Every structure is written in structure tokens, then in C-alpha cells.
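A.B. asks: Requesting a structural model of the entry that follows:
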Amino acid sequence: MSKHGKVLVAMSGGIDSTVTAMILHEQGYEVIGITMKTWDYANVGGSRKETGCCSLDSINDARSVAVDMGFPHYIVDIREEFGDHVIDDFVSEYMAGRTPNPCVMCNTHIKWSALLKRADAMDCEFIATGHYAKIHEEAGRKFVRRSADAHKDQSYVLWGLSQECLGRSRFPLGHMTKPEVRQLAYDFGYEELSKKGESFEICFVPDNDYRGFLKRRVDGLTEKVAGGQFLGQNDEVLGTHEGYPFFTIGQRKGLGVAFGEPMYVTDILPETNQVRLGRQEDLIRNGMGVGQLNLMKYEKLPDNYEATVRVRYKDKGTLAEIKQLGDNFLDVTFLANVGGIAPGQSAVIYEGDDVVGGGLITSSRK
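C.D. replies: Purely as a prediction, here's the structure:
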């Protein structure tokens, strides 16, 4: 019998998930490795060969470590689940004029669901991933905390996890920095793994060209949205563009038209295939609506509540007054101006290092 129980570890073949499995194995857990194949290059297309977490090389890397350390490893095909939720949502959000965050959708609806389903089938008490985050508990509520490595912290993309998911999850890297993880891989005898790079691309858009991906996924998209208009802040026509789905709020580069000064996308109007442009100051907003709410630290937010809210992955956060309206919606008023709020992105509430909860941005206001 294992010292700490049986744990199913999501192993992509990358350094973080591999070291996660190594740590738990050394700590005395009964480890089972699982690699989830979420997409394949042949279906999504692109200009580069298959790379990253779903490549044959990565799957073989994960299996090799499992064999070396003496624990079982399985490959699970969840391409259908992934496509139905993450990829279809990615496409539909852009087509609705919003900017999706597929990593949040994947974590919330696919990875944890798939892991827990397989964990139950294998009698595993816990699941584990290589995320840089911590899990804490207070007053009977479990919630995510920022990791020790501020640069690598992934707490922002984990706001959607339920209390059940948090109770069964383990994040061994939450108290470590990336250099420490690399050193540990080296100390375990995996010098090549310790030097392995990491990808910052969307896993199913391996060439990082989401516009090309949309064109390949939506039949006749180029013809359907061609000839859209750029508008100014007073609705004056400034030029034409190739279609509203190919733009995001705050975008400055790649507009395809020279204006003589920096111009930014401030609004996307899918109904009329129009994109509104303005100067940087025109991106400023002081409030927003947030739906699809998931609270971690509290069952319900206190009245007259103030906390820091992040509106993007790299956003440092801004203090805001937050009103909970029903079970599933927040009205957020920032106490300082915030730029580039994009509907479809995640709004995540923090008290210091603690993730209170989060949701999807539905609208913004000046």
C-alpha cells in the first residue's frame, strides 16, 4: 500500500508535468501517468509539423519516464471531448466578436473532467498536474493561491475549478520556481529534460495563426466577412478590413491600414461586420459585467466588497468594487481606469495571493 494514496498524474511529456510525477513518486504516492491526446495536427492544419503536448515525441517522453521510474502510463484519446468544447467554443466566441481563453475552458470543462473520470475508473483518490499554483483551505472552502514563482504563476487560468476538483487535486510545483524544477529534473538524471523548452502557443494552433485556423474551420469565412468597415469613435468610416473575427480588443498591429498614428481596436461589432478604432485612451473603461461565475473562497461575496480583479493573464490587477447579482453574475466598478477589457476573457478576483473566484467578461463600460 502506498504512503499517501493513489494519484493519477496528467503527463504531457513536458518538464513540469514530468517532474510532478517524479515528486509524487518519490513522496510515496502510488503514481499512474496519463497522457491525454486532445487534438491532432491532421485535423486542424497549419504551416508547421505537429509539436507540443500531443506529438508522438512528447507521448514517448512521458511514457519513457514512467517506465524508468516503474509506474504505469496510459494514453487517453479525448479529441472528441476537446473538439466539442474547447475548439468549438474558440471558434464560436471569435465569430460572436469576443476573445476566448481556451486554456480556461480546457481546464474547467475538459482536463479535470477527463482526469476525474479516469481517476475514478482506476480507483485513484487524487489527480495531479504540473500547474504553478497552490491549493489552500479556510472555513471549509478550498481555493487556489498564487505560486511561489510569480513569473510562472498559473492561478489565473484555474478560477473555474469546483470544490470537488480542488479537493482531489495536487499541485506539487506550487511551492517551486521554474529554475528549481529544472534543477530537480537534472538531479533525477534527466539532463535533456531539464533543458526542454516550453510553448506559449495555443495547443491546437501550433503555428500561432488563429486567423488561419478560423479560416480553415469555418467554411467560406473569408468570403462571408470580407469588406468590413473600420469606424472611428464617432462612427466615421476610416477604411475597410478583411472581417471582424480577425481582430481583438486592444489590438494595434496587423490592422492592414496605415493611419499615421497608433490606432487600437476598441469595439467589435459582429452584427454589422464593423471594427471601431481609437487612440490608446479610448480603450479606457471603468467597469464591466462578469458572468458564468465560479466562487472558490466564499460561497457568496460579502456586501460592499472590494478586491483586486485581473482581466488578462499578464494583468497585474486593479482594485474594484464588486457586487454579486444572483448566483451567476458580477457588476464590477474599477477604482482606477483599466484599458483593453475584452468580452470573452476571464475576470479573476484576488485577495492578496488568494483566488476568490472568477468568471467570463460579458461587457465593459466607460
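
A.B. asks: Flag every buried residue along stretch 139-155.
C.D. replies: For stretch 139-155, a neighbour-count test (16 or more other CB atoms under 10 Å) marks 142-149, 152-155 as buried. C-beta coordinates here come from the backbone N, C-alpha and C atoms, glycine included.

A.B. asks: An error on my part: the question was meant for stretch 216-233.
C.D. replies: Buried residues in stretch 216-233 (16+ other CB under 10 Å): 217-218, 221, 225, 228-232.

A.B. asks: Sitting in helices, which of these do you find?
C.D. replies: 217, 221, 225 (DSSP state H).

A.B. asks: Please render these as a markdown table that adds distance to Gly340 to the earlier fields.
C.D. replies: Conversion of those to a markdown table gives the following (distance: CB to CB, whole Å):
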| residue | distance to Gly340 |
| --- | --- |
| Arg217 | 26 |
| Leu221 | 25 |
| Val225 | 23 |
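
A.B. asks: For Gln324, state which of these is nearest.
C.D. replies: Gln324 has its nearest neighbour among those in Arg217, at 36.1 Å by CB to CB.

A.B. asks: average model confidence for stretch 220-239?
C.D. replies: Averaging pLDDT along stretch 220-239 yields 95.

A.B. asks: Would you mind measuring the gap between the ends of that stretch?
C.D. replies: 23 Å (CA to CA, to the nearest Å).

A.B. asks: now that stretch, how far from the chain's geometric center?
C.D. replies: Averaging C-alpha positions (CA atoms, centre = their mean, to the nearest Å) puts stretch 220-239 29 Å from its chain's average.

A.B. asks: all numbers from here: first residue = 3
C.D. replies: Will do, 3 is the new start, and the previous item becomes stretch 222-241.

A.B. asks: Closest one of the ones in helices among the buried residues of stretch 218-235 to Ala98?
C.D. replies: Val227 (12.7 Å).

A.B. asks: From what I see, that closest one and Gly245 are in contact.
C.D. replies: Yes - using CB atoms under 8 Å, Val227 makes contact with Gly245 at a distance of 2.9 Å.

A.B. asks: list residues touching both of these two?
C.D. replies: Listed as contacting both Val227 and Gly245 by CB atoms under 8 Å, 6 or more residues apart in numbering are Asn275.
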